[in-house]
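1. For reference, the sequence and a predicted model appear below.
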Amino acid sequence: MAASRRYVEALDFVRAVTVVSMIAVHSTWYMANGAHWILSGAILALMHFTRESFMALTGFVLTYTLFGKPIQWGPILWKRYRLVLFPYVIWTAAYMLLFTHFSNVQVFAVAFGRNLLDGNGWFHLYYLLITMQFYLLLPAFLRLMQLAKQRPLMVMLAALSFELALTTYDQYGIGMHPRGIDRYISVEVWTYSAYFVLGGIGALYWSVLRQWLHDHLTVIITVAVGTAIFMLVGFGLQSASDTSLVRADSVIQPAMVPWAIAVIMLLAALGVRYEDSRRNRHGDWSAIKWAADLSFGLYLVHPLLLQYWTTFLAWRHWDRPSYWLDGVTITLLVVGSGLFTRLISWTPVSPWIIGRAALPPGVGKLSWLVRPKHLLMVAQRSPERRPRKGGR
């Protein structure tokens, strides 16, 4: 791979759709009382690809960014950990303090330390823990990508075989009460090995893969429909035989492997078309760019709004499952979390809270706080009157 790599805007489309779908998953789960509702369970079974998509994105980005370059691991790992570790610690504490009662400081401290280790501070924070585990394994992963550069099919088949074996064991092996290695499935990095590898190999061969995705959209859609049917058939059989829908719509099951890969490929193919549209200026697609840029903040913030929203609905006795209420909830969480994230991004502490700053061009982290009028001046400045490079 070349030393200088062009930004892959197709990933913005994948990231935006994935984060909105993830919010839809959590909204449906809450509104349907843990998906104890046949149709909501079927919807969740299809939309649970979001975990796998995030893992594939992580594998792609890090391989695309680092593979084939001289690496100083100290600065690289510090940069990566800083953008995830501090938000993880801060949001773990925030969710615990807001939504859990503790009798004293000592009880909180013990629970806080335990939650930092297992990702149970709130239901979504496990992803940050998995990301940090992946960073720890990053040198070994890049060595694996060196092998994948030579033998991509062998590496991909090995990863898929492991993924299918693991998910089959989890879904059909020892039942609903985890023991042994099953206890840690879904909260440890190896659970999603195939998706990290899928993303990494996609990055290694992006130029070839991009063209293939562009030329074979019909084939990809057909495969996605087929795997969706396969996923729903499995859901129907399991829901008919089990007393709970939790297993039927589980993320960690073998039917999810082909379905998740098919959806990721479909999103990537649509992302290529999004990228072409942006490059050729056929469309602005600002909503996609907005969601992609704020995706990490959306991920971190939306459960906060979801908890308060569902508490309000219960207080008003409006919490009966309904499709329109699901739609309202998803829209509210996407917009509300986006606005909240944008407000955070305009503060000097944003990298520590949401992992990045997303300030308007020309506005420094402190200048917006000290001189609010500067924001209006930047917004009103015409392109012709922008200062030259290096000027004030």
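-> Now that the structure is in, tell me what you want to look at.
2. Mind naming the longest helix for the protein?
-> Identified as the longest helix of the chain according to DSSP state H is helix 73-99.
3. What's the first helix or strand after that helix?
-> Downstream of helix 73-99, the next assigned helix or strand under DSSP states H and E is helix 105-118.
4. For residue 204, which non-adjacent residue is closest in space?
-> Excluding its sequence neighbours, the residue lying closest to residue 204 (C-beta to C-beta, 6 or more residues apart in numbering) is residue 149, at 5.5 Å. To be clear about C-beta, it is placed using only N, CA and C from the backbone, and glycine gets the same treatment.
5. Which element, helix or strand, includes the residue lying closest to residue 86 once chain neighbours are set aside?
-> The shortest distance from residue 86 to any non-neighbouring residue, by C-beta to C-beta, 6+ apart, is to residue 352 (4.6 Å). Assigned by DSSP H and E, residue 352 belongs to helix 350-354.
6. What lies in contact with that helix?
-> Here helix 350-354 makes contact (C-beta atoms under 8 Å, 6 or more residues apart in numbering) with 82-83, 86-87, 90-91, 296-297, 300-301, 341, 344-345, 347, 356-358, 365.
7. from the chain's centre, how far out does it sit?
-> 17 Å (C-alpha atoms, centre = their mean, to the nearest Å).
8. okay, it in CSV with CA atoms only?
-> Provided in CSV are the C-alpha atoms of helix 350-354 (Å, rounded to 0.1, in the frame of the first residue of the first chain):
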residue,chain,number,x,y,z
SER,A,350,-14.4,17.4,23.9
PRO,A,351,-11.6,15.0,23.0
TRP,A,352,-11.8,13.6,26.6
ILE,A,353,-15.5,13.2,26.5
ILE,A,354,-16.4,12.2,22.9
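9. you'd agree residue 61 is up against residue 11?
-> Yes: Residue 61 is within contact range of residue 11, at 7.1 Å (criterion: C-beta atoms under 8 Å).
10. So between these two, which is more surrounded?
-> Per other C-beta atoms under 10 Å, whichever of residue 61 and residue 11 has more neighbours is residue 11, with 22 against 16.
11. Quick one: the strands in this structure, in order.
-> Assigned by DSSP state E, the chain shows no strands.
12. Show me the residue at the heart of it, geometrically.
-> residue 54 (3.9 Å; C-alpha atoms, centre = their mean).
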